[in-house]
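A.B. asks: next one to model:
(2 chains)
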Amino acid sequence: EAQVTQNPRYLITVTGKKLTVTCSQNMNHEYMSWYRQDPGLGLRQIYYSMNVEVTDKGDVPEGYKVSRKEKRNFPLILESPSPNQTSLYFCASSSGQLAYEQYFGPGTRLTVT
Amino acid sequence: GEDVEQSLFLSVREGDSSVINCTYTDSSSTYLYWYKQEPGAGLQLLTYIFSNMDMKQDQRLTVLLNKKDKHLSLRIADTQTGDSAIYFCAETPDSSYKLIFGSGTRLLVRP
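C.D. replies: Take a look at the predicted model:
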């Protein structure tokens, strides 16, 4: 089954404790991205990757890092989480030129206290 | 800049039609989308429309695009309780991969 998986689905952590949210897709997609969803703001893009070793900033990259060492994986790293990074995070992937082919993961709800 | 706006809430009675509206600012948008998010779930692509079209119908869903006014709407016919969800309008500027989302409209269907 074609899917995008994220782990963990739920995480509560404390300020400053480094964490990684993993994202994996089994569709051999080149393009992957991370979004955060906040009430009243919709989804905003954090980082995206066009292919292995190719990453770039989205609209709200501050406080986040990503890496793309393998085509299937695109982890999101918070080196020193802060409460304003409490949010719902979605990973997405796409094979085609256009965004309508994007598949979204189930989301990771992160709370930073 | 790029901006997509939606009203936050819509309540309808089961069996009625629902119309969710969206406005966008980027005239270079090539595709416009409607996504559905059910409680605790990810985003599901409902439908999309290319910018050179003005209408697209898919079963109970009708998308209308007024490119002059930069206005997009989603009509759901015979709305059911299972349609209760948050609906996001989104666009892709300049044939890019990037999706610009609206804030989402929460649709509540009353029995």
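
A.B. asks: now do the phi/psi pair for the residue in chain A that chain B sits nearest to.
C.D. replies: As assessed by C-beta to the nearest C-beta, chain B sits closest to A:Gly42 within chain A, at 3.7 Å. Backbone N, C-alpha and C define where each C-beta goes, glycine included. Main-chain dihedrals, A:Gly42, degrees, to the nearest 10: phi 70, psi -150.

A.B. asks: list the contacts of the residue nearest to it when sequence neighbours are not counted.
C.D. replies: Once flanking residues are discounted, A:Gly42 sits nearest to B:Phe101: 3.7 Å by C-beta to C-beta, 6 or more residues apart in numbering or on different chains. Shown in contact with B:Phe101 (C-beta atoms under 8 Å, 6 or more residues apart in numbering or on different chains): A:Tyr35, A:Gly42, A:Leu43, A:Arg44, B:Val4, B:Tyr35, B:Phe88, B:Cys89, B:Ala90.

A.B. asks: the last one: how many residues sit nearby?
C.D. replies: Spelled out, that is B:Ala90. Neighbourhood size, B:Ala90 [other C-beta atoms under 10 Å in any protein chain shown]: 27.

A.B. asks: and what of A:Ala92?
C.D. replies: 27.

A.B. asks: roughly how far does the residue minimising distance to the centre of chain A sit from A:Arg109?
C.D. replies: For chain A, A:Trp34 is the residue whose C-alpha lies nearest the centre (C-alpha atoms, centre = their mean; 3.1 Å). The gap separating A:Trp34 from A:Arg109 is 14 Å, by C-beta to C-beta, to the nearest Å.

A.B. asks: low-confidence ranges in chain B?
C.D. replies: Residues of chain B meeting the criterion pLDDT under 70: B:1-2, B:94-96.

A.B. asks: so what pairs up with the residue of it found nearest chain A in the strands?
C.D. replies: Residue nearest to chain A within chain B (C-beta to the nearest C-beta): B:Phe101, separated by 3.7 Å. In this entry, B:Phe101 is beta-bridged to B:Ala90, by DSSP bridges.

A.B. asks: enumerate the residues of chain A near chain B.
C.D. replies: A:31, A:33, A:35, A:40-45, A:48, A:50, A:58, A:90, A:92, A:94, A:97-100, A:102, A:104-107 (C-beta under 8 Å from any C-beta of the partner chain).
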